[in-house]
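> Generate coordinates for the sequence data below:
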Amino acid sequence: MIQIAKKAKVILAGAGPGDPDLISLKALKYLQTADVVLTDRLVSPELIEKYARKDADVIYVGKQCSKGIWTPQKDINELIVEFALQDKLVLRLKGGDATLFSNILDELHAVKSNNIPYEIIPGISAAFGAASYTGIPLTAREYSRGVRFLTLYDLNSVKKNQWQDWATTEDTLVFYMSGQRLDVLTKQLLNFGIDTSKGVAVVQQATTPNQKTTVFSFEEIENKSLPEFEYVPTLLIIGKVVNLYHDFAWFAEKNSSDSYFDNHKNIYQNAI
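The predicted model follows:
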C-alpha cells in the first residue's frame with residue numbers, strides 16, 4: 001500500500017456559479033492555502049487572481065465541448081494523484097457544486113484507490129444561482145412543489161414515457177448543458193402536451209456581470225423556432241415559476257455578448 005505523507009490531501013470543492021462572492025468560506029480557506037489548484041473553466045477567474053497563493057501551481061483543466069476544448073478526465077485524475085503523492089495539498093476546484101453534473105466519481109475512485117485523504121466541499125450550483133439572480137423561485141405554493149435537475153446530453157436516450165412525464169409534471173425542470181438543444185426540447189414538450197401557460201427561462205452566464213436572461217412562454221414557442229444560444233454556461237428553467245420572472249427580477253443585466261469565463265485565460269500558469 002502507498003504511504004501518504006501527513007500533508008498530502010485532496011480537496012474536491014465547488015466554487016459556485018460565477019459570482020466570486022458566492023464561494024463558501026471553507027472552500028476559500030483551501031484556495032488560499034493549497035499548493036496546487038486544478039481549476040475548471042467555469043470557476044470565477046477573479047477567485048484565482050485574488051486568493052490563490054502566488055507560489056501555487058494553478059493548472060487549468062477546463063472543458064468546453066462545443067469548441068473542442070477538452071481535458072481528458074484521465075489526465076485530471078493522474079494530476080490529482082501525482083501532486084498528492086508529492087506531499088502537496090491539492091485543491092480540485094469545480095464550477096457550481098462539486099457533486100452535481102461533475103466527474104467527481106472518477107476523481108473519488110482515483111484518490112481512494114491510492115489511499116489519499118480527501119474532503120468534499122459543497123458549492124452553490126448553477127441552478128440555485130440562476131434562480132436567485134433572476135428572481136425565479138424554483139418551488140412556490142400554487143406554482144411548483146418540486147424541482148428536477150436534468151440534462152439533454154444524449155437526446156437519443158430520452159424515451160417517449162420520459163418526454164410525457166416532463167411535459168405533464170407540475171415540477172420545475174432545470175436543464176444543465178442543454179442550451180444548444182433548446183428548440184428540440186421545447187418542441188418535444190409541446191408535442192407531448194405541456195401546459196402552454198408555462199414558460200422557459202434561458203439564463204446565460206448566471207450570477208456573472210455578463211448574465212443574460214431570455215424568457216419565452218410555450219404559447220409563443222408554438223408559433224416560432226427559438227434561436228441558438230452561443231455562450232455557455234446556459235441553464236434552462238421550465239415551469240409555471242418562470243412567469244414570476246417579470247415580477248421579481250432584480251439583477252441589472254448588461255446584455256453583454258462577451259464570455260466572462262474566457263476573458264482571464266492569462267491568469268493560469270499551466271493548461272492541459
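
> mind listing the strands in this structure by residue range?
9-14, 36-39, 57-60, 89-94, 118-121, 147-151, 172-176, 199-204, 212-217, 234-239, 270-271 (DSSP state E).

> so what are the domain limits for this protein?
9-124, 127-248 (the TED database).

> what's the closest of those to S259?
Of all the domains of the chain, it is domain 127-248 that lies closest to S259, at 5.2 Å by C-beta to C-beta. In this view, the C-beta of every residue, glycine as well, is placed from N, C-alpha and C.

> can you give me the offset of that closest one from its chain's centre?
Distance, stretch centre to chain centre, for domain 127-248: 15 Å (C-alpha atoms, centre = their mean, to the nearest Å).

> What's the end-to-end length of stretch 32-43?
With C-alpha to C-alpha, to the nearest Å as the measure, stretch 32-43 spans 15 Å from end to end.

> any residues touching that stretch, and which ones?
11, 15, 17-18, 31, 48, 51-53, 56-64, 69, 76, 79-80, 83, 88-96, 233, 261-262, 268 (C-beta atoms under 8 Å, 6 or more residues apart in numbering).

> Got a PyMOL select line for the buried ones in these?
In PyMOL, a selection of the buried entries from the contacts of stretch 32-43 looks like this (16 or more other C-beta atoms under 10 Å):
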select buried, resi 11+15+17+18+31+48+51+52+56+57+58+59+60+61+62+63+64+76+79+80+83+88+89+90+91+92+93+94+95+96+233+261+268
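
> ok, back up a step: with distance to H246 and mean pLDDT added, can I get the strands of the chain in a markdown table?
What follows is the strands of the chain, written out as a markdown table (distance: least, C-beta to C-beta, whole Å; pLDDT from 0 to 100):
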| stretch | distance to H246 | mean pLDDT |
| --- | --- | --- |
| strand 9-14 | 30 | 98 |
| strand 36-39 | 36 | 97 |
| strand 57-60 | 38 | 96 |
| strand 89-94 | 33 | 98 |
| strand 118-121 | 36 | 98 |
| strand 147-151 | 20 | 96 |
| strand 172-176 | 17 | 97 |
| strand 199-204 | 10 | 95 |
| strand 212-217 | 7 | 94 |
| strand 234-239 | 14 | 96 |
| strand 270-271 | 41 | 52 |
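
> Would you mind measuring from F248 to R92?
35 Å (C-beta to C-beta, to the nearest Å).

> can you check A206 too?
A206 is 22 Å from R92, by C-beta to C-beta.

> and if you look at K29?
Applying C-beta to C-beta to K29 and R92 gives a distance of 15 Å.

> Then P20?
18 Å.

> With P122 instead?
For P122, the distance to R92 - C-beta to C-beta - is 14 Å.

> ok, now L173?
For L173 relative to R92 (C-beta to C-beta), the value is 29 Å.

> now swap in T207 and tell me
On the measure of C-beta to C-beta, T207 and R92 end up 21 Å apart.

> How about K240?
Distance from K240 to R92, by C-beta to C-beta: 38 Å.

> Tell me which stretches of this protein form helices.
Applying DSSP state H to the chain gives helices spanning 25-33, 45-51, 73-84, 104-113, 126-134, 160-168, 182-191, 218-221, 245-248.

> so can I have TSV of these showing distance to K7 and mean pLDDT?
As requested, the helices of the chain are exported to TSV (distance: least, C-beta to C-beta, whole Å; pLDDT from 0 to 100):
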stretch	distance to K7	mean pLDDT
helix 25-33	11	97
helix 45-51	20	95
helix 73-84	9	96
helix 104-113	15	97
helix 126-134	33	98
helix 160-168	47	97
helix 182-191	47	93
helix 218-221	55	92
helix 245-248	47	97
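
> ranking those by burial, who's on top?
By mean neighbour count, with neighbours taken as mean count of other C-beta atoms under 10 Å, helix 126-134 ranks first of the helices of the chain at a mean of 24.
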